[in-house]
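Trainee: this one's sequence-less:
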C-alpha cells in the first residue's frame, strides 16, 4: 500500500540533524539529495544488518523497517541535488 | 537471562557520539553517567513511544528493545559521574 508522503517526510526529518536540510549536507558528511535510490537503500540495509561499520547509522537504521528504509531511499533520491 | 556486559557496552557505544565518552557529555548535551537508572529508562521509553519530543532520540530508541534500553539505563547509571 502506498506510503503517505507526509509520513515519509517525518521519518526523514531525523536525518537532517546530520545530513542537513533537504538532504544537502555540510562538507564531511554525505549528502543524500539526488543519490541513486538503490545505493541509498543498500547502504541503509547494510548498516541495519551490521555489515557496514558506522558510528550511529547502524543503530538508527535498526529503528526503521525495511519498507520504511525503501521509502526513505526513494524520498532522498527524488530530492534535487 | 543476564545480559553480557560486553554486549551492553557495544549497544552503549553509539551514545558516545553525542553524549561523550563514559557518558560524560560536553555542555549543552545531557550527561548520562551516574544518572538514576529509572529516569534514564523512562526517558528512553518515552522517546521510543513518541511521547517525548526529540531530534533523533525517538528514532535511535526505536532501534533497541525495551530490554536493551533497560540494560543501557543500568549501564550508564552505574558509571561514575
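Mentor: Sure thing, it's come through. These numbers come from a predicted model, not from an experiment.

Trainee: so who does the nearest residue to residue A:56 once chain neighbours are set aside touch?
Mentor: In space, and not counting its chain neighbours, residue A:56 is closest to residue B:14: 4.7 Å by Cβ to Cβ, 6 or more residues apart in numbering or on different chains. From N, CA and C alone the C-beta is placed, and that goes for glycine too. Residue B:14 makes contacts with A:55-56, A:58-59, B:60, as judged by Cβ atoms under 8 Å, 6 or more residues apart in numbering or on different chains.

Trainee: do you know how far residue B:14 is from residue B:61?
Mentor: Between residue B:14 and residue B:61 the computed distance is 11 Å (Cβ to Cβ, to the nearest Å).

Trainee: where do the strands sit along chain A?
Mentor: In chain A, no segments count as strands under DSSP state E.

Trainee: which parts of it sit against chain B?
Mentor: A:11, A:14, A:17, A:55-56, A:58-64 (Cβ under 8 Å from any Cβ of the partner chain).

Trainee: what do you get if the cut-off is 6 Å, keeping everything else the same?
Mentor: A:14, A:17, A:55-56, A:59-60, A:62-63 (Cβ under 6 Å from any Cβ of the partner chain).

Trainee: Let's have those in a markdown table, adding pLDDT.
Mentor: A markdown table is the format used below for the residues of chain A next to chain B (pLDDT from 0 to 100):
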| residue | pLDDT |
| --- | --- |
| A:14 | 92 |
| A:17 | 93 |
| A:55 | 93 |
| A:56 | 94 |
| A:59 | 95 |
| A:60 | 96 |
| A:62 | 96 |
| A:63 | 95 |
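
Trainee: From those residues, list just the buried residues.
Mentor: Buried by 16 or more other Cβ atoms under 10 Å in any protein chain shown: A:14, A:56, A:59-60, A:62-63, out of the residues of chain A next to chain B.

Trainee: Need the max-distance pair from the residues you listed.
Mentor: Maximum pairwise distance among those (Cβ to Cβ): 13.0 Å, between A:14 and A:62.
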